[in-house]
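# can't give you the sequence, but here's the structure:
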């Protein structure tokens, strides 16, 4: 990858924070923002572009006037979509966001046909699956950003409980990006010490619950979803792909027999490198975790089935 160009579709708080994080890290040469709300991408591109003066490496930050300007990207991050409002049913939200995704993906296929897509739009696992169905691309090129964020939230809760080990906590959260996410405490270490040696079962249960409700807790205080942690998680994944880092991070990817499932996108540990999700790591799940994973997959399939029932894929 020579250009190292990243397109971000949806310049709201999450997309703009991802752009800002990337520009401060200096990992790509160019970032292009696009948003359907007039002026939003332009204003944020100017603001971020001015901040780059103090970054270690200069990054060009521009705003796309139209989807055609998000072209020849190595990676396209999609955060576009609407949040659930008032009396909106799950079905309403799914159909609205799936239609937005369809329009966005058609443009990506046309103008950045060789890109890796990172999906951030919710409901994340279902939207990642929609992208697979729309593009027909190799599955390694479509990755849902979930575990990178949920893992960071879990590490934060572990530090709050322990009071040490910040930045040394490896975490693993699999399953869907929602109420059925599955933090795996027995796979978590602080430094080289397993957290089961450091925390009681009760403390770990509390950490898991707080991780699961990490987004809702922020909404309670802010009145809106968090964006710094999601934005930084996106930037971490983009950096891993551009630098061919071969890091292991849980992401929503299409399964083809792994973990006993096919034709569904769900969060599992993957190796991120220049080709996207280069390898799916199958870890051994105990009976209880396997049941939780099944529940998680079924909740994602319910969303996919709603789209199928509404003839979305026809």
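Ah, there it is. Since we're looking at a predicted model, the values are computed, not measured.
# from here on, contacts and neighbour counts on C-alpha atoms
Fine.
# so residue 267 versus residue 293, what's the distance?
10 Å (C-alpha to C-alpha, to the nearest Å).
# those two: who's more crowded?
Applying other C-alpha atoms under 10 Å to residue 267 and residue 293 shows that residue 267 carries more neighbours, namely 29 against 22.
# for that one, grab phi and psi.
With angles defined as degrees, to the nearest 10, residue 267 sits at phi -70, psi 120.
# what's next to the host helix or strand of residue 297, contact-wise?
Using DSSP states H and E, residue 297 maps to helix 287-309. Residues outside helix 287-309 that contact it (C-alpha atoms under 8 Å, 6 or more residues apart in numbering): 91, 94-95, 125-126, 129, 174-176, 180-182, 264-266, 313.
# and of those residues, the nearest to residue 238?
For the contacts of helix 287-309, the residue nearest residue 238 by C-alpha to C-alpha is residue 125; the value is 18.5 Å.
# tell me what the helix or strand hosting the closest one is packed against?
Assigned by DSSP H and E, residue 125 belongs to helix 124-135. Counting by 3 or more C-alpha pairs under 8 Å, 6 or more residues apart in numbering; DSSP states H and E, the packing neighbours recorded for helix 124-135 are helix 90-111, strand 142-144, strand 247-256, strand 262-273, helix 287-309.
# apply 10 Å and report the result again.
helix 90-111, strand 116-119, strand 142-144, strand 247-256, strand 262-273, helix 287-309 (3 or more C-alpha pairs under 10 Å, 6 or more residues apart in numbering; DSSP states H and E).
# most tightly packed of those?
strand 142-144 (a mean of 30; mean count of other C-alpha atoms under 10 Å).
# give me the contact list for it.
Residues outside strand 142-144 that contact it (C-alpha atoms under 10 Å, 6 or more residues apart in numbering) are 75-78, 115-122, 124-129, 131-132, 135, 177, 234, 237, 250-254, 265-267, 270, 272, 276-277.
# ok, back up a step: redo the helices and strands packed on helix 124-135 as a markdown table? Include distance to residue 153 and mean pLDDT.
Converted to a markdown table, the helices and strands packed on helix 124-135 look like this (distance: least, C-alpha to C-alpha, whole Å; pLDDT from 0 to 100):
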| stretch | distance to residue 153 | mean pLDDT |
| --- | --- | --- |
| helix 90-111 | 25 | 95 |
| strand 116-119 | 19 | 98 |
| strand 142-144 | 17 | 98 |
| strand 247-256 | 13 | 97 |
| strand 262-273 | 15 | 98 |
| helix 287-309 | 19 | 96 |
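# how far is stretch 198-217 from where the chain is centred?
Its chain's C-alpha centre and that of stretch 198-217 lie 21 Å apart, by C-alpha atoms, centre = their mean, to the nearest Å.
# check which residues of that stretch are buried.
Residues of stretch 198-217 classed as buried: 199, 204, 207, 208, 210, 211, 212, 213, 214, 215, 216, 217 (neighbour count, 16 or more other C-alpha atoms under 10 Å).
# okay, domains of this protein per the record?
5-144, 147-307 (automatic domain parsing).
# gap between the two ends of the shortest one?
So the one you mean is domain 5-144. 19 Å.
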